[in-house]
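Participant: Here is a sequence with its predicted model. Questions after.
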Amino acid sequence: MLAIRPKAAGGPEVMTLEELPTPAPGPGEAVVRVEAAGVNFIDIYQRSGQYKIEPPIPLGLEGAGRVEAVGPSVTEVREGDEVAWTGGPGSYATHVRIPAAKLVPVPAGVGARRAAAAMLQGITAQYLVRSTFPLGPGHTCLIHAAAGGVGLLLCQMAKRLGARVIGTVSTEEKARLARNAGADEVILYTKADFEAETRRLTGGAGVHVVYDGVGSDTFVKGLGALRPRGTMVLFGQSSGPVPSFDPQILNQKGSLYLTRPSLGHYTATREELLERAADVLGAIARGELTISIGATYPLAEAAEAHRALAGRATTGKVLLIP
C-alpha cells in the first residue's frame, strides 16, 4: 500500500508518500481500498502539531471505498461492500484498516467521492442543526465561512429546516455559492462589519445561534451578534484558537450559551452514527442535499491540498484520490 505517515509534525512538506505493508484485518476490523479521502482542517492541526499525535502521524480521518477483507467476528460489512467512514485515522492511503463498526453503507447512486466528501463535514452540519441547536421555523442563524465545506451544507440544512440563514464570506463568488445553497442574506466580511450588519439585518435583535468554525477572527464579534439567551456554537478554529476570556462576558451580552461540540460525542454509538450518516447520505441520494467538491488532488499532492485549504483558497470539499 501507499500512505502518508509524517514521522514528525511540521509544515506541508513533511507529507511524503511511502510504501508500507498492506495491513491484515484483526478481530472486529476491515481493510478497505480507499477510493477517496477527505481533507479537513483537523488534518492540518494534526500535521502541524497543534493537535499532538504520536508519530508516525496517521493523517486522514474520513474516506470511502470498497471492503477488501474482514477480520474475525465482523458482522457489520462484507467483502465488496461500498462503505464510507469518519474517525478512521490513516485515510491518506490506498488502504485503511478500520474497526468495522465505524463503516457505514453508501447508498446506490451516491458514489465514493460524494460519500467521502459528506462524512465528516456532512455529519458535522447534521448534528449542529439537528441536535446542538435544533433549528426550525422562526429561528435566524449566522453561519461563518458559508461557502466552505461545512458552511455550504449548513446553509442547505438550515434552510430545509425553515430557518432564516445569514452567511459570512470573503468574496462575491463565495457569496453567490452561499446564496445558491440557501443563504437568505450574505455579508462580505472584507467590506462590512459582520456584527453590525447582522444587527441591522435582524432589526437590532440579533440571531438565535451562531455557527462558528473560524474561531479567533470571529468569536468575539459573533457573541455580539447574538440575541439575549442566544447560543454560540464554536465547532472549529480555522483562523486559530479562541483566546481565554472571562465567562462574565456571556452574562453581560445577554445570558448567552456557549458550546464546543465535537463529532465523536455526537456519534458515540454505532446506532447514532448510522442514523446521522443515513440522514446525510440519504438526502444526497434523493437529490435533497448537494455536495460541492471544490478540488481533488492525487494522494502524492497532499501538501498542495493542505496549502490550498489553509490559505482559504478553496470552496466546498477538498479530496485526495489515491
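Facilitator: Received, thanks.

Participant: Could you check the pLDDT of the residue nearest the centre of the chain?
Facilitator: Centroid check for the chain by C-alpha atoms, centre = their mean gives residue 121 as the closest residue, at 2.7 Å. Residue 121 carries a pLDDT value of 92.

Participant: Residue 236 now?
Facilitator: In this prediction, residue 236 carries a pLDDT score of 89.

Participant: How about the contacts made by it?
Facilitator: Residues counted as contacts of residue 236 (C-beta atoms under 8 Å, 6 or more residues apart in numbering) are 41, 150, 212, 213, 214, 215. The way it works is simple: take the backbone N, C-alpha and C, and place the C-beta from them, glycine included.

Participant: Most neighbours of all the residues you listed, which one?
Facilitator: residue 212 (27 neighbours; other C-beta atoms under 10 Å).

Participant: which of the residues in the helix or strand where residue 318 lies are buried?
Facilitator: In this assignment (DSSP states H and E), residue 318 forms part of strand 317-321. Neighbour counts over strand 317-321 (16 or more other C-beta atoms under 10 Å) mark 317, 318, 319, 320 as buried.

Participant: Sheet-wise, list the partners of that strand with their directions.
Facilitator: strand 29-39 (antiparallel), strand 293-298 (parallel) (DSSP bridges).

Participant: quick one, which of the ones you listed is nearest to residue 55?
Facilitator: With C-beta to C-beta as the measure, strand 29-39 is the member of the strands paired with strand 317-321 nearest residue 55 (19.3 Å).

Participant: Check which helices and strands the following helix or strand past the closest one is in contact with.
Facilitator: Where DSSP H and E defines the elements, the next helix or strand beyond strand 29-39 is helix 41-48. For helix 41-48, the contact count by 3 or more C-beta pairs under 8 Å, 6 or more residues apart in numbering; DSSP states H and E identifies helix 302-310 as packing neighbours.

Participant: now the helix it packs on and strand 317-321, what's the angle there?
Facilitator: Going by axes from the mean of the first three to the mean of the last three C-alpha atoms, to 10 degrees, helix 302-310 is angled at 180 degrees with respect to strand 317-321.

Participant: and helix 302-310, what other elements does it pack with?
Facilitator: Helix 302-310 sits against strand 29-39, helix 41-48, strand 293-298, strand 317-321, with contacts defined as 3+ C-beta pairs under 8 Å, 6+ apart.

Participant: tilt between the longest one and helix 41-48?
Facilitator: Okay, so that is strand 29-39. Interaxial angle of strand 29-39 relative to helix 41-48 (the same axes, to 10 degrees): 100 degrees.

Participant: Pull up the gap between the residue nearest to residue 42 when sequence neighbours are not counted and residue 133, please.
Facilitator: Spatial nearest neighbour of residue 42, chain neighbours left out: residue 61 (6.5 Å); criterion: C-beta to C-beta, 6 or more residues apart in numbering. According to C-beta to C-beta, to the nearest Å, residue 61 stands 24 Å off from residue 133.

Participant: Show me the beta-bridge partners of residue 211.
Facilitator: Beta-bridge partners for residue 211, by DSSP bridges, are residue 143, residue 233.

Participant: Contacts only, for it.
Facilitator: Contacts for residue 211 (C-beta under 8 Å, 6+ apart) come out as 128, 141, 142, 143, 144, 154, 233, 235.

Participant: Dump the helices and strands packed on helix 302-310 to CSV, plus mean pLDDT and distance to residue 200.
Facilitator: CSV is the format used below for the helices and strands packed on helix 302-310 (pLDDT from 0 to 100; distance: least, C-beta to C-beta, whole Å):
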stretch, mean pLDDT, distance to residue 200
strand 29-39, 98, 36
helix 41-48, 93, 30
strand 293-298, 94, 31
strand 317-321, 95, 32
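
Participant: wait, which of those is closest to residue 17?
Facilitator: strand 293-298 (9.2 Å).

Participant: chain center to that closest one, what's the gap?
Facilitator: For strand 293-298, the separation from the chain centroid amounts to 15 Å (computed by C-alpha atoms, centre = their mean, to the nearest Å).

Participant: Tell me how many other residues surround residue 261.
Facilitator: Neighbours of residue 261 under the rule other C-beta under 10 Å: 16.

Participant: With that, I have no additional questions.
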